[in-house]
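**Student:** Sequence first, predicted model second:
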Amino acid sequence: MRSLRLKISVSGVRGVVGETLTPQLLARFSQAYGTYVGQGKVLVGRDTRPSGPMVANAVFSGLLSTGCAPLDVGIAPIPAIQHRAATRHDVVGAIAITASHNPAEWNALKLLSAEGLFLSNLEATELSDIYNQGAFRRMSGTRIPTVGRDDEAISAHTEAVLAQIDVAKIRAARIPVAIDCVNGAGAVETPILLSELGCTVVRLSCDPTGDFVRPPEPLPQNLMELCEVVSRGGVRIGLAQDADADRLAVVDERGVALEGDEMLAVLIELALRRSPGPVVVNLSTSDLIEHVAARHQVPVFRTPVGEANVVAGMLQHRAVVGGEGSGGLIYPAVHTCRDSFVGMALLLEHLASGGTVSSLVDELPRRVRRAQKVPMAGTAARRVVHQLRQTLRDAEIDLRDGLKATFPEGWLHVRPSNTEPILRVHVEADSEASADALQKKVAEELATLGRDA
């Protein structure tokens, strides 16, 4: 089943530039957004994709036509854009131009509130109605504002991250680090942060050119060069980002890349050592998080998948830390968004105290995870999820986001994708055999139900 080439979700719109993501569509979405947020200043920042300037100009056009005054941030990591929106206090919203971990031919608009948060489902629905109806506010030619600049987003965000850690201790340690910014937006801030922390740095793909020399998603299989650099010795940690630098990947001192859920568990451990409190993660994230939280005697709350859902849960439960297993730590002391820079800072503080990454991982219990995508149209996928509830009666069932079935030996989570015609299946268990059994169980059920769907 062919992947959709234009994806519209609560976070915004993404597509392939020159095919589905056209200047006309970009301007129209920006008109809808400008109409929705009302007249005022709107931050606009982007990652390093070659299409970025074209997309930015289309966004400026749409915003200006509604009476919004764009403030051009230029190339900046999305956590810096989100932090800047939340701390300026004179903007009505922000738009981040980035397709995150998608290939270079993709781009996207990520629509943010004045607080630097992704829109809620209700807010996104209201904006979508404006877009579909074409009910845009339009300014006369004598009332069009101008495009301004904001050159402080990166420095303000870096300062906020540094304020959370023991900078003097890290500087004294002179930690050798290897970094891979995939020539994305992280390249304009990561070297600054590491310089402020006194690190000696081996740089891979740290030019803001948009030339993605590896797949931009920082999965272990995409980080072979970074692993090789670290395994040769001379550095104590490898750090990698995706194109907009909200996601972090870590290579330990042995040259071994951590899985996303392992890394999130490690970062939550470090955060809770600083300030114990409630933790919020999504339903598909490993139960390693419960293991870590139990050490600190704090509760874990689960939400549907998606950064906006996790953030809403964190605000509700006043969480001190949260995130998603894809490598996105959320640390509200800086801002309630996924932030690779906070993760880097916490890890470097741990290393400055004499610790290692591998020692943190070794403290975690072993969990075996499986993930797959099953091609299936949305209506059939939702019907299958409903029918699964009837067949998995021996499990503890959670229906907040598809179906999550928990068994003594592990769990499975089946949910329709919001952006693709697929069913996402996640399995986690305490052994290879148990994971295989759960995966076989769900495969058999899906095969039977899929024929009837």
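**Tutor:** Sure thing, it's come through. Nothing here was measured: the structure is a model prediction, and the numbers come from that model.
**Student:** which helix is the longest one in this protein?
**Tutor:** The single longest helix within the chain, with elements called by DSSP state H, is helix 432-452.
**Student:** Point out the other helices and strands that that one packs with.
**Tutor:** Applying 3 or more Cβ pairs under 8 Å, 6 or more residues apart in numbering; DSSP states H and E, we find helix 432-452 packed against strand 368-375, helix 378-391, strand 410-416, strand 422-429. C-beta coordinates here come from the backbone N, C-alpha and C atoms, glycine included.
**Student:** and those, which one's lowest on average pLDDT?
**Tutor:** Across those, the stretch with the lowest average pLDDT is helix 378-391; it has a mean of 83.
**Student:** Now it: buried residues?
**Tutor:** 380-385, 387-388 (16 or more other Cβ atoms under 10 Å).
**Student:** same thing with stretch 310-324?
**Tutor:** 310-314, 317, 319-324.
**Student:** list the contacts for Phe407?
**Tutor:** The contact partners of Phe407, taken as Cβ atoms under 8 Å, 6 or more residues apart in numbering, are 394-396, 438.
**Student:** Same check on Ala333?
**Tutor:** Residues counted as contacts of Ala333 (Cβ under 8 Å, 6+ apart) are 164, 275, 320.
**Student:** List just the nearest of these to Pro23.
**Tutor:** For these, the minimum distance to Pro23 (Cβ to Cβ) is 40.2 Å, reached by Gln164.
**Student:** Checking my notes, that closest one in a strand, right?
**Tutor:** No: counting by DSSP: H, G, I helix; E, B strand; the rest coil, Gln164 is not part of a strand but coil.
**Student:** on that earlier part again, got the contact list for the longest helix of the chain?
**Tutor:** For helix 432-452, the external contacting residues (Cβ under 8 Å, 6+ apart) are 368-370, 372, 374, 376, 380, 383-384, 387-388, 391-392, 407, 409-412, 414, 423, 425, 427-429.
**Student:** Poorly predicted segments of the protein, please.
**Tutor:** Residues of the chain meeting the criterion pLDDT under 70: 1-5, 419, 450-453.
**Student:** domain parsing for it?
**Tutor:** For the chain, whose domains are defined here by automatic domain parsing, the residue ranges read 6-151, 156-362, 368-452.
**Student:** Can you name the residues bridging to Ala405?
**Tutor:** Listed by DSSP bridges, the beta-bridge partners for Ala405 are Ile397, Leu412.
**Student:** how close does it sit to Leu399?
**Tutor:** In this structure, Ala405 and Leu399 are separated by 10 Å, where distance is defined by Cβ to Cβ, to the nearest Å.
**Student:** who has more neighbours, those two?
**Tutor:** The neighbour count for Ala405 versus Leu399, taken as other Cβ atoms under 10 Å, is higher for Ala405 (24 against 11).
**Student:** you'd agree that one is up against Ala395?
**Tutor:** Yes: Ala405 is within contact range of Ala395, at 3.7 Å (criterion: Cβ atoms under 8 Å).
**Student:** for Gly323, helix, strand, or coil?
**Tutor:** Note that with three-state DSSP, the state of Gly323 is strand.
**Student:** Check what contacts the helix or strand harbouring Arg84 and list those residues.
**Tutor:** Here Arg84, judged by DSSP states H and E, is contained in helix 78-88. Helix 78-88 is contacted by residues 41, 43, 45, 47, 73, 76, 91, 93-94, 96, 98, 100, 110, 112-117, 150, 152-154, 156-158, 160, 185, 189, 244-246, 334-335, 337-342 when judged by Cβ under 8 Å, 6+ apart.
**Student:** got the angle between the helix or strand containing Pro70 and helix 78-88?
**Tutor:** With elements taken from DSSP H and E, the one containing Pro70 is strand 69-75. What separates the directions of strand 69-75 and helix 78-88 is an angle of 140 degrees, with axes from the mean of the first three to the mean of the last three Cα atoms, to 10 degrees.
**Student:** Paired strands for strand 69-75, with orientation please.
**Tutor:** For strand 69-75, the pairing partners within the sheet under DSSP bridges are strand 41-46 (parallel), strand 148-149 (parallel).
**Student:** possible to save these as TSV with distance to Lys7 and mean neighbour count?
**Tutor:** TSV is the format used below for the strands paired with strand 69-75 (distance: least, Cβ to Cβ, whole Å; neighbours: other Cβ atoms under 10 Å):
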stretch	distance to Lys7	mean neighbour count
strand 41-46	18	26
strand 148-149	30	10
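**Student:** right, so of those, which gets closest to Gly328?
**Tutor:** Taking Cβ to Cβ as the criterion, strand 41-46 is the member of the strands paired with strand 69-75 that comes nearest to Gly328, at 18.1 Å.
**Student:** gap between the two ends of stretch 331-342?
**Tutor:** One end of stretch 331-342 sits 7 Å from the other (Cα to Cα, to the nearest Å).
**Student:** nope, stretch 236-247 is what I meant
**Tutor:** From the first residue to the last, stretch 236-247 extends over 20 Å; the measure is Cα to Cα.
**Student:** what's the offset of that stretch from the middle of its chain?
**Tutor:** The gap between where stretch 236-247 is centred and where its chain is centred comes out at 12 Å by Cα atoms, centre = their mean, to the nearest Å.
**Student:** Which positions in that stretch come out as buried?
**Tutor:** By neighbour count on 16+ other Cβ under 10 Å, the buried set for stretch 236-247 is 236-247.
**Student:** For stretch 142-152, which outside residues touch it?
**Tutor:** Stretch 142-152 has contacts (Cβ under 8 Å, 6+ apart) with 41, 43, 60, 64-65, 67-74, 84, 88.
**Student:** ok, and the most crowded of the residues you listed?
**Tutor:** Top of the contacts of stretch 142-152 by neighbour number is Cys68, holding 30 neighbours under the definition other Cβ under 10 Å.
**Student:** Please report the distance of that residue from Ile330.
**Tutor:** Per Cβ to Cβ, Cys68 is found 28 Å from Ile330.
**Student:** Kindly report the same for Ala293.
**Tutor:** Here the distance between Ala293 and Ile330 works out to 15 Å (Cβ to Cβ).
**Student:** what's the answer for His296, then?
**Tutor:** Counting by Cβ to Cβ - His296 and Ile330 are separated by 17 Å.
**Student:** When these two are compared, which one has more neighbours?
**Tutor:** Counted by other Cβ under 10 Å, His296 and Ile330 do not tie: Ile330 has more neighbours, with 28 against 16.
**Student:** Does that one belong to a helix, a strand or coil?
**Tutor:** From three-state DSSP, the assignment for Ile330 is strand.
**Student:** Repeat that for the one 3 residues further on.
**Tutor:** Using three-state DSSP, the structure places Ala333 in coil.
**Student:** picking that back up, between the contacts of Phe407, which has the most around it?
**Tutor:** Counting neighbours by other Cβ under 10 Å, Leu438 comes out on top of these with 23 neighbours.
**Student:** check contacts around the spatially closest residue to it that is not a sequence neighbour.
**Tutor:** Taking Cβ to Cβ, 6 or more residues apart in numbering, and ignoring the residues beside it in sequence, Leu438 has Val427 as its nearest neighbour in space, at 4.7 Å. Counting by Cβ under 8 Å, 6+ apart, Val427 makes contact with 369-371, 410-413, 435, 438-439, 442.
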